[in-house]
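Chemist: What would the 3D arrangement of this be:
(chains A, B, C and D)
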Number of protein chains: 2
Amino acid sequence: MAERVTSSDVARRAGVSQPTVSRVFTPGMRVSPKLEERVKCAADELGYRPNTLARSLITGRSRTIGLIVAYLDNPFYPEALEKLSLALKERGYHILVFLAANQAEEIDPVVEDLLAHQVDGIIIASVGISNKLTERIHREGIPLILFNRGQDDRRLSSVTSANFDGGRRVAEFLVAGGHTRIAHISGWQGSSTGRDRRTGFIAGLKAAGADMIRCIDSRFRREEAMEATRRLFSATEVPDAIFAGNDHMAFAVMDTVRCELLLRIPEDVSIVGYDDVSMAAWPTYGLTTVRQPANQMVEKTVEMLLARIEGDATEPQKLEIDGPLIIRNSARVPEGWT
Amino acid sequence: MAERVTSSDVARRAGVSQPTVSRVFTPGMRVSPKLEERVKCAADELGYRPNTLARSLITGRSRTIGLIVAYLDNPFYPEALEKLSLALKERGYHILVFLAANQAEEIDPVVEDLLAHQVDGIIIASVGISNKLTERIHREGIPLILFNRGQDDRRLSSVTSANFDGGRRVAEFLVAGGHTRIAHISGWQGSSTGRDRRTGFIAGLKAAGADMIRCIDSRFRREEAMEATRRLFSATEVPDAIFAGNDHMAFAVMDTVRCELLLRIPEDVSIVGYDDVSMAAWPTYGLTTVRQPANQMVEKTVEMLLARIEGDATEPQKLEIDGPLIIRNSARVPEGWT
DNA sequence: ATTTTTCTTGAATACGTATTCACAATATCA
DNA sequence: TGATATTGTGAATACGTATTCAAGAAAAAT
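Modeler: Sure, this is the predicted structure:
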């Protein structure tokens, strides 16, 4: 019933050879205007479209990028996904999406799957990859980029924001605001992103002669962040400022602080997040947060990826993009802060 | 550099023929245990994986589903995407994702693109499709399902929630709650989802002898919903209840009502949404809303799709799944409401 | 007008796998 | 044991396109 129409069918109807049809549909190939018109006409009548699979089999490139992403409940990733999809579409690439549902899930088989699909490149957002697979991918020469996640391997490229600096800047901001009992609800310490923000934060506090009263790893999870908040406030020494490892957790903290503990923000406690997802600007939250410049991050990711796919094999590189602290109403603003 | 390893390479090394290698990697084909072991061993040593493209070219099925989705800023869709991806992965299918960034965008070329990629089926979430393309897809016999969106065409299958009933139920709930100045900020009236909820709502009001004081189409957009809210409250007759066409807009309404207009919810005005995204349960919002049973919707979508792909061609059908009204704190609860 | 060059086109082939088909080898039965 | 049924395997081919390669037509140069 699904009677496929092939280039040969078109050729027959247009009275030309199959290669001619192929040339008509291959950008950059020259065909005489007369034949081109005849072929296009016949193709339209038959409803012909080149079979991408067969084309990819020949050329060795599928114009498809594999994307692995987790944490879709954190709005940063849908936003990034949207931008990535758009940027790649503009350049004629498609996206094969895999969701690494839970953190613990092994992504190696997923990557194997992508390789079997002959993707031209791979973007991995917010998850890590095993050494064995890194080796394999490196050998096969297929470009891979870690998005919003670094990994200590010379062969891997990554694009992140300047997480250490961001964490440090938050520390300076909170100390300057006169906070004395500062706590941190950190992102997953098994991830570079979570670690860098934390170490940057600690370094910033130390440089200012301050310290944290408490640090709880809530692994970027809402429920854990809520639980951590309760723990923080059930201790004898109650925090007057909390830095959350990302916005997603910061919202959880704010919800808990306001609705369960019935405290005011920022009068009783200041909250700072990380990412600047669009929700952070919603008036209900008005979250002070470090912006991850998603547009630039995506742009650079795509750029690096395509450079390695189409151009000459560039060296792997780790890119860190700086992002500003966006000041809103969830944290006390120091006097005369610029 | 990217030295591909093919089934022939494996065959040579294992001392067998290429078809034998193929059989080893084709489930359901029988090969003697001895050879199977030899082949698997050789394959491992060489790092061989069957080339999905070549395989699909032969079999005519790519085990890939095309997914078109818009409105990724409405958390309902990332949630649905995640569930869809998971359900399809379990059944051995992959997802080729296309984002129809803005509403107005023509999705026809996108579908054409999917067809060229030989997808086995197509899921379109929250967007419509032209008659011409419907005809074409119907002719080619490739299964297509509209998700969370209906369309008046006998040839199209769709899975939605019972939007009319949902709207009606909200009306009954608000009237029973004693509201007398009820307004509706509707979803896009160009979509069945937006229309059905609205007409159901109106029908429910009418049945209860009530009426709307105002209805504004905010096309599922946050900004427009905020603007609509301001308009509602700048009129002489101010609403005491607002039904928003989905949760995404309901949050916008709540933000505006509380932070700009400085009114209390639900004391001054009741707000009801539609979808029951996970955010609706966040204590800050506690949104009373009609649940779209996303799990069931996804399950049914996948089931219908695969039935048409793998099984005998079933007739197109339009499925409506009922969802309950979830009562939280954003709307006054009628006395003795069950 | 003849040679050289450029441009078009078609015949043949390759991409990597799945699938007949025929044949050899083994197992089953009388 | 001989005939038949049953596997298991390899040679050949097909899937739909892109890409040599050689040849023919047209244009440019002599």
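Chemist: May I see the buried residues of the lowest-mean-pLDDT helix or strand in chain A?
Modeler: Least confident helix or strand of chain A, by mean pLDDT, DSSP states H and E, is helix A:131-140 with a mean of 87. Buried residues in helix A:131-140, counted by 16 or more other Cβ atoms under 10 Å in any protein chain shown: A:133-134, A:136-137. C-beta: built from backbone N, CA, C; applies to glycine.
Chemist: touching chain B at all, that helix?
Modeler: Yes: contact of helix A:131-140 with chain B (Cβ under 8 Å from any Cβ of the partner chain) involves A:136, A:139-140.
Chemist: Next: stretch A:323-334.
Modeler: No: judged by Cβ under 8 Å from any Cβ, stretch A:323-334 stays clear of chain B, getting no closer than 10.0 Å.
Chemist: For the next helix-or-strand element following the least confident helix or strand of chain A, give the mean pLDDT please.
Modeler: Of the helices and strands lying after helix A:131-140 in sequence (DSSP states H and E), the nearest is strand A:144-147. Here strand A:144-147 scores 96 as its mean pLDDT.
Chemist: Does A:Arg23 belong to a helix, a strand or coil?
Modeler: At A:Arg23 the chain is in helix, as set by DSSP: H, G, I helix; E, B strand; the rest coil.
Chemist: What pLDDT is listed against A:Thr338?
Modeler: 78.
Chemist: wait, what's in contact with A:Ser157?
Modeler: Taking Cβ atoms under 8 Å, 6 or more residues apart in numbering or on different chains, we find A:Ser157 in contact with A:143-146, A:304, A:308, A:316-319.
Chemist: with the residues you listed in mind, which one is nearest to chain B?
Modeler: A:Pro143 (10.6 Å; Cβ to the nearest Cβ).
Chemist: My guess is the closest one contacts A:Glu310. True?
Modeler: No: counting by Cβ atoms under 8 Å, A:Pro143 stays clear of A:Glu310, with 9.9 Å between them.
Chemist: Mind checking which of the two has more residues around it?
Modeler: A:Pro143 (22 against 12; other Cβ atoms under 10 Å in any protein chain shown).
Chemist: so what's that one closest to, chain neighbours aside?
Modeler: Leaving aside its chain neighbours, A:Pro143 sits nearest to A:Arg308 (3.8 Å; criterion: Cβ to Cβ, 6 or more residues apart in numbering or on different chains).
Chemist: One more: A:Ala80?
Modeler: Setting aside the residues directly before and after it, A:Ala80 is nearest to A:Ala294 in space (Cβ to Cβ, 6+ apart), at 5.6 Å.
Chemist: Contacts only, for A:Ala203.
Modeler: Per Cβ under 8 Å, 6+ apart, neighbours of A:Ala203: A:164, A:167-168, A:171.
Chemist: right, and the secondary structure at A:Leu263 would be what?
Modeler: coil.
Chemist: Poorly predicted segments of the stretch 201-338 of chain A, please.
Modeler: A:313 (pLDDT under 70).
Chemist: In it, what residue comes closest to DNA strand D?
Modeler: Closest contact between the stretch 201-338 of chain A and DNA strand D, by Cβ to the nearest atom of the strand, is at A:Glu310 (13.5 Å).
Chemist: and which of the contacts of A:Ala203 is nearest to DNA strand C?
Modeler: Once Cβ to the nearest atom of the strand is applied, the member of the contacts of A:Ala203 that ends up nearest DNA strand C is A:Phe164, at 43.8 Å.
Chemist: Now do the closest one, the pLDDT please.
Modeler: Looking at A:Phe164, its pLDDT reads 98.
Chemist: and what of the one 3 residues further on?
Modeler: At A:Gly167, the predicted lDDT confidence score is 98.
Chemist: correct me, but A:Pro50 touches A:Ser7?
Modeler: Yes: counting by Cβ under 8 Å, A:Ser7 is a contact partner of A:Pro50 at 6.9 Å.
Chemist: out of those two, which sits in the busier spot?
Modeler: For A:Pro50 versus A:Ser7, neighbours defined as other Cβ under 10 Å are more numerous around A:Ser7 (21 against 17).
Chemist: what's the most distant pair in the buried residues of helix A:131-140?
Modeler: Spanning the widest gap among the buried residues of helix A:131-140 are A:Thr134 and A:Arg136, at 7.2 Å by Cβ to Cβ.
Chemist: ok, for A:Arg231, nearest residue in space, not its chain neighbours?
Modeler: Per Cβ to Cβ, 6+ apart, closest to A:Arg231 is A:Ile216, 6.7 Å.
Chemist: Isn't the one you found up against A:Ile185?
Modeler: Yes: between A:Ile216 and A:Ile185 there is a contact under Cβ under 8 Å: 5.5 Å.
Chemist: overlap in contacts of the two?
Modeler: Joint contacts of A:Ile216 and A:Ile185 (Cβ under 8 Å, 6+ apart) are A:228, A:232.
Chemist: So the residue nearest to A:Arg231, which state does it fall into?
Modeler: strand.
Chemist: Please name the residues that touch it.
Modeler: A:183-186, A:228, A:231-232.
Chemist: Can I get the buried part of those residues as one PyMOL selection?
Modeler: In PyMOL, this line selects whichever of those come out buried by 16+ other Cβ under 10 Å:
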select buried, chain A and resi 183+184+185+186+228+232
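Chemist: now, which of the contacts of A:Ile216 lie within helices?
Modeler: Within those, residues falling in helices by DSSP state H are A:228, A:231-232.
Chemist: Strands of the stretch 101-250 of chain A, residue ranges please.
Modeler: A:121-125, A:144-147, A:157-161, A:182-186, A:212-217, A:241-244 (DSSP state E, counting those that start in this stretch).
Chemist: Which elements pack onto the second one?
Modeler: Yep, that's strand A:144-147 we're talking about. On a contact count with 3 or more Cβ pairs under 8 Å, 6 or more residues apart in numbering or on different chains; DSSP states H and E, strand A:144-147 meets strand A:121-125, strand A:157-161, helix A:294-310.
Chemist: now for the ones you listed, which one comes closest to A:Ala11?
Modeler: helix A:294-310 (30.2 Å).
Chemist: Count residues in the vicinity of the residue of the stretch 201-338 of chain A found nearest DNA strand C, would you?
Modeler: DNA strand C sits closest to A:Ile309 of the stretch 201-338 of chain A, with a gap of 17.5 Å, by Cβ to the nearest atom of the strand. By the criterion of other Cβ under 10 Å, A:Ile309 has 18 neighbours.
Chemist: repeat for A:Ile242
Modeler: A:Ile242 has 32 nearby residues by other Cβ under 10 Å.
Chemist: tell me which residues in stretch A:94-114 are buried?
Modeler: Neighbour counts over stretch A:94-114 (16+ other Cβ under 10 Å) mark A:94-100, A:103, A:107, A:110-111, A:113-114 as buried.
Chemist: What of stretch A:24-42?
Modeler: By neighbour count with 16+ other Cβ under 10 Å, stretch A:24-42 contains the buried residues A:24-25, A:31, A:35-36, A:38-40, A:42.
Chemist: among the contacts of A:Ala203, which two are most distant?
Modeler: A:Phe164 and A:Ala171 (10.9 Å).
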